[in-house]
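1. sequence plus predicted model, see below.
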Amino acid sequence: PNLPWNTYQDFLKARVKSLAASGKGAIAENARVEPWHTLEEEPKSTSSGFTAAPDQQGESQPPPAAGKSKDGGGDIWKKLAAGMCWFDASPRVLVNLPTPSGRYEFACQALLSKNPSQGDDGTVCLPQFRPLPPSGDEKEFPLYLLAYSLMSLSDQYLANPPFMTKNLREDLLKGQSMFVEVHPETASSLGIKESERAVLKTPQGEIPVHVRLSQGARPGVVFVPQGLGHRAYDDYIRNKGEDANGVIEVQIDPLTGLGTVWATRAQLRRA
């Protein structure tokens, strides 16, 4: 007595009415339709953009889309009562593209309309990657500095635990001294040898380091580990190495306003 339906059939009709109002899903009239089957070939689509279902021979048989019914779902109810099946077919949004041309349009039309003079072919408004040029004079800072993370060295909010710090290689951290990795050719051009003391300088500042030669390092690039250089905590981590974040340049992405880090101009000289 407290429910708005007199019979269970009335409840089902109300649910069908809601399905019809949503305009989602499709009716599978063919008894051999398998809605869960995924077509290997590009399936056909119904007028409402729903995925077609294949028959047992693998031919694509598009089931009639449920669509928004004008009769309050009466037509859908009749088909369901006759033994047909409604299923939640995923809409194929790329079949009928809502673009002016009806085709794939990767260029941002809003940007293109505001800047019509920025290229006749519209490539300026296509998705693209443009790295921000690092600051600093290329002659004064001929190298690039890249920071890297290690699984054995915490570079987040908490400092490295003592038992993990003991596992660090001696050519990464020896005593209080931190090593940076440089390609042998780069080190040779700078007159620096293995394990020698050096000064790493960027437009943001400079830090004392030791040099480790590595064939795996890219020529012209200095690699510095992250997670060292703490000035707090206990004797097991305090003052061990240098803080890489103090010499890394953080640039502001002009589109998102977020800080971005990829490379910093640097110089490396003997101490």
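-> That came through, no problem. Numbering: from 1, shown residues only.

2. just the mean pLDDT for stretch 206-217, thanks.
-> The average pLDDT within stretch 206-217 is 97.

3. list the contacts for the nearest residue in space to Gly229 that is not next to it in sequence?
-> Excluding the flanking residues, the one nearest Gly229 by CB to CB, 6 or more residues apart in numbering is Asp243, at 3.0 Å. C-beta here means a position set from N, CA and C on the backbone, and glycine is covered the same way. With contacts defined as CB atoms under 8 Å, 6 or more residues apart in numbering, Asp243 is in contact with 207, 228-230.

4. most neighbours, which of those residues?
-> Leu228 (23 neighbours; other CB atoms under 10 Å).

5. which residues touch that one?
-> Leu228 sits in contact with 153, 173, 178, 240-244, where contact means CB under 8 Å, 6+ apart.

6. repeat the analysis, applying 7 Å as the threshold.
-> Residues near Leu228 by CB atoms under 7 Å, 6 or more residues apart in numbering: 173, 178, 240-243.

7. make TSV from those residues and add secondary structure, distance to Ile76 and pLDDT to it.
-> Shown next, in TSV, are the contacts of Leu228 (DSSP: H, G, I helix; E, B strand; the rest coil; distance: CB to CB, whole Å; pLDDT from 0 to 100):
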residue	secondary structure	distance to Ile76	pLDDT
Leu173	strand	70	95
Met178	strand	71	96
Lys240	coil	71	94
Gly241	coil	70	94
Glu242	coil	70	96
Asp243	coil	66	94
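
8. what's the local residue count around Phe21?
-> Careful, residue 21 is Ala and not Phe. 12.

9. sorry, that was for Gly205
-> Neighbour tally, Gly205, other CB under 10 Å: 12.

10. any regions of the stretch 51-200 of the chain where pLDDT drops low?
-> 51-72, 91-96, 111, 114-124 (pLDDT under 70).

11. for His183, grab the count of nearby residues.
-> His183 is flanked by 19 other residues according to other CB under 10 Å.
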